[in-house]
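K.L.:
the sequence and its predicted three-dimensional model are supplied below.
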Amino acid sequence: MKKKNILKALSALLLAALMLFTVSCADTSVDKPTEAPKDTEAPTAEAPTEAPVTPMEEILAALGSLEFGEIKNVILYIGDGMGMNHVPATDAITGGRYDGKLAFEYLPVFGTVDVLCTEGEPDSASGGTALATGYKSKRKFIAQNSKGEDVKTVVELAKELGKSAGVITSESIVDATPATFSVHAPNRNDESVIAGLQIETSVADFIMGGGKAMYDKLFDEHPEYKDKLAENNVTYVTSWEDVLSFDGSGRLIATMTDDYWEVDAEMTPTLAEMTEQSIKMLSGNDKGFFLMVEGGAMDEIAHNADIMELTRHMVAFDKAIEVGLRYAYENKDTVIIVTADHNTGGLLPKEEADSYIAKNEKTSPYIAQEEWCLTNAKLHCLYEAEKIAQEKNPDVDWNTLPYRFTTIAHTSDKVNVWAVGPGTESLTEAKLKCFQIGKLIGNLLGGEDFGSADKNGVK
């Protein structure tokens, strides 16, 4: 028995060993992904490739030879207070952006504009009205002729023709320039009235910029205007995120900072971003569109004689113009016009400025009479403004800057205009008046009889 038990144990051990051997030799490929033969491998889908983006340098070089079709769209850029020397000063201080120049300096049409479209010193109300309506006007009048009569704006014309229209600015939207393109009013200083009219009477598809404080005041003092938003099919927002999510139903009013963007580096959204989004919102209309883009904060900065911050806003303005230039390059039915409503600050080359200031500091209250400035101009005079500006730019030696402001006020100096597109050649004419630019815009949009029929822009 003992021998048989030993044999049984040996047999069991042999059987176990045989089973272990069999398992270790078994095919374990079922636990691994099977590779297909190379000649039967399924093709891999390639990621879609984006169309190459044309470099801006190439676009700028091509502007003079673009072949345009029928014009449907006009984009007007207004540098508020942008005098003739704003551009060379920016080039000299910043080094320019494209071979020493700003992008809009490459526009093939260039002219000089008389801003005396008003009685007395020009302001953004009279200058803006001239550009918006094709009529000569008076100081403080908003989209009214010199008689105080409401006259049609290019925004209203565009809407009559079935086109879309928008107004954007780095200023408050109730400030004079955006107001002239959106409402009619007898006094630019009645900003609460302008805000109410933008809700009730404006036909612009959207108005975007600063001005939240004034709208807050309107809603606080006149709560009924909150109801009037819905009554007039207006969506009112105060953030860029809400602008981006706007569904296009009705009109849009957006105020994204309390007043204007004083510091360009803190501007959210940038003027370029607003311009890009505006074109997206408008370009879906097959009949075309009109868009006014204002570098409005530039005027405020010039009033404060801060040449360094001015150059930053000028560069931001130029970047917004680039957006329009790219669109015009890709869509040969779009005219681009760049100009100013007046000159602010009398910017001159440093030596000329120093000489002018020395000769006029006793007679011009805007230079040295601080108390007068704060009482009448509601701003610091030139000397004090420069001191404050230097404190904001401690790394800059003011004495080495190639340009200097000569006043904190507006001047009657001429301004420049740049353009590209059929019909804009007339902007090179001698003795060009600012209201003639407004007339031209109306004509390009399709309004043959738009603007004043009088050569002086009155009737």
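P.N.:
Great, that's in hand. Numbering: from 1, shown residues only.
K.L.:
contacting residues for A305?
P.N.:
Applying CB atoms under 8 Å, 6 or more residues apart in numbering to A305 gives the contacts 345, 382, 385-386, 389, 405, 408. In short, each C-beta sits where N, CA and C put it, glycine included.
K.L.:
save those as TSV, and put in distance to E370 too.
P.N.:
Output for the contacts of A305, formatted as TSV (distance: CB to CB, whole Å):
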residue	distance to E370
G345	17
L382	10
A385	10
E386	12
A389	15
F405	16
I408	11
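K.L.:
just the closest of these to G446, please.
P.N.:
Proximity of the contacts of A305 to G446 (CB to CB) peaks at G345, which lies at 37.1 Å.
K.L.:
in helices only, show me the contacts of A305.
P.N.:
382, 385-386, 389 (DSSP state H).
K.L.:
for Y236, helix, strand, or coil?
P.N.:
strand (DSSP: H, G, I helix; E, B strand; the rest coil).
K.L.:
bridging residues for it?
P.N.:
In this structure, Y236 bridges to I253 when assessed by DSSP bridges.
K.L.:
show me the shaky parts of the stretch 1-150 of the chain.
P.N.:
Within the stretch 1-150 of the chain, the ranges that satisfy pLDDT under 70 run 1-49, 118-119.
K.L.:
one more pass at 80, please.
P.N.:
Applying pLDDT under 80 to the stretch 1-150 of the chain flags residues 1-51, 117-121.
K.L.:
how many residues are close by A430?
P.N.:
Neighbour count for A430, taken as other CB atoms under 10 Å: 6.
K.L.:
distance of it relative to D114?
P.N.:
Separation of A430 from D114 (CB to CB, to the nearest Å) stands at 10 Å.
K.L.:
next one: S239
P.N.:
41 Å.
K.L.:
ok, the closest residue to V263 other than its chain neighbours - contacts?
P.N.:
Leaving aside its sequence neighbours, V263 sits nearest to E309 (CB to CB, 6 or more residues apart in numbering; 7.0 Å). By CB under 8 Å, 6+ apart, E309 lies in contact with 262-264, 301, 389, 392-393.
K.L.:
inside helices: which ones of the residues you listed?
P.N.:
Using DSSP H, those in helices are 301, 389, 392.
K.L.:
pLDDT score for the last one?
P.N.:
Pointing back at K392 there. pLDDT for K392: 95.
K.L.:
mind listing what the residue nearest the centre of the chain touches?
P.N.:
The residue lying closest to the centre of the chain (CA atoms, centre = their mean) is L271, at 3.6 Å. L271 makes contact with 168, 170, 293, 295, 316-317, 319-320 under the criterion CB under 8 Å, 6+ apart.
K.L.:
distance of it from M256?
P.N.:
According to CB to CB, L271 stands 12 Å off from M256.
K.L.:
could you break this protein into its assigned domains?
P.N.:
Segmentation of the chain into domains, based on automatic domain parsing, reads 71-345+409-445, 351-408.
K.L.:
turn those domains into TSV, including distance to A453.
P.N.:
Shown next, in TSV, are the domains of the chain (distance: least, CB to CB, whole Å):
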stretch	distance to A453
domain 71-345+409-445	9
domain 351-408	36
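K.L.:
which of those sits most buried?
P.N.:
Of those, the one with the most neighbours on average (mean count of other CB atoms under 10 Å) is domain 71-345+409-445, at a mean of 21.
K.L.:
quick one: the strands in this protein, in order.
P.N.:
Using DSSP state E, the strands of the chain run over 73-79, 109-114, 164-172, 206-210, 234-237, 251-255, 289-295, 334-339, 343-344, 348-349, 403-404, 410-411, 415-420, 432-433.
K.L.:
make JSON lines from those strands and add distance to T129 to it.
P.N.:
Below are these laid out as JSON lines (distance: least, CB to CB, whole Å):
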{"stretch": "strand 73-79", "distance to T129": "12"}
{"stretch": "strand 109-114", "distance to T129": "15"}
{"stretch": "strand 164-172", "distance to T129": "14"}
{"stretch": "strand 206-210", "distance to T129": "17"}
{"stretch": "strand 234-237", "distance to T129": "24"}
{"stretch": "strand 251-255", "distance to T129": "21"}
{"stretch": "strand 289-295", "distance to T129": "13"}
{"stretch": "strand 334-339", "distance to T129": "14"}
{"stretch": "strand 343-344", "distance to T129": "17"}
{"stretch": "strand 348-349", "distance to T129": "28"}
{"stretch": "strand 403-404", "distance to T129": "29"}
{"stretch": "strand 410-411", "distance to T129": "15"}
{"stretch": "strand 415-420", "distance to T129": "15"}
{"stretch": "strand 432-433", "distance to T129": "13"}
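K.L.:
what's the closest non-adjacent residue to A89?
P.N.:
Going by CB to CB, 6+ apart, A89 has Y403 as its nearest residue, at 3.9 Å.
K.L.:
who does that neighbour form a beta bridge with?
P.N.:
Beta-bridge partners of Y403, as defined by DSSP bridges: P349.
K.L.:
you'd agree it is up against E352?
P.N.:
No: here Y403 does not reach E352: they are 9.2 Å apart, not a contact under CB atoms under 8 Å.
K.L.:
roughly how far apart are the closest residue to Q369 other than its chain neighbours and S364?
P.N.:
Nearest residue to Q369 in three dimensions, chain neighbours excluded: C381, at 5.9 Å (CB to CB, 6+ apart). Computed as CB to CB, the C381 to S364 distance reads 9 Å.
K.L.:
is it true that T54 touches Y329?
P.N.:
Yes: with contacts counted by CB under 8 Å, T54 reaches Y329, the gap being 7.0 Å.
K.L.:
correct me, but T406 touches P349?
P.N.:
No: in this structure T406 lies outside contact range of P349 using CB under 8 Å: 10.7 Å.
K.L.:
for the ones in helices among the contacts of A305, which one is nearest N456?
P.N.:
Nearest to N456 among these, with distances taken as CB to CB, is L382, at 34.2 Å.
K.L.:
roughly how far does that closest one sit from A328?
P.N.:
Between L382 and A328 the computed distance is 39 Å (CB to CB).
K.L.:
same check, this time on F141
P.N.:
F141 is 32 Å from A328, by CB to CB.
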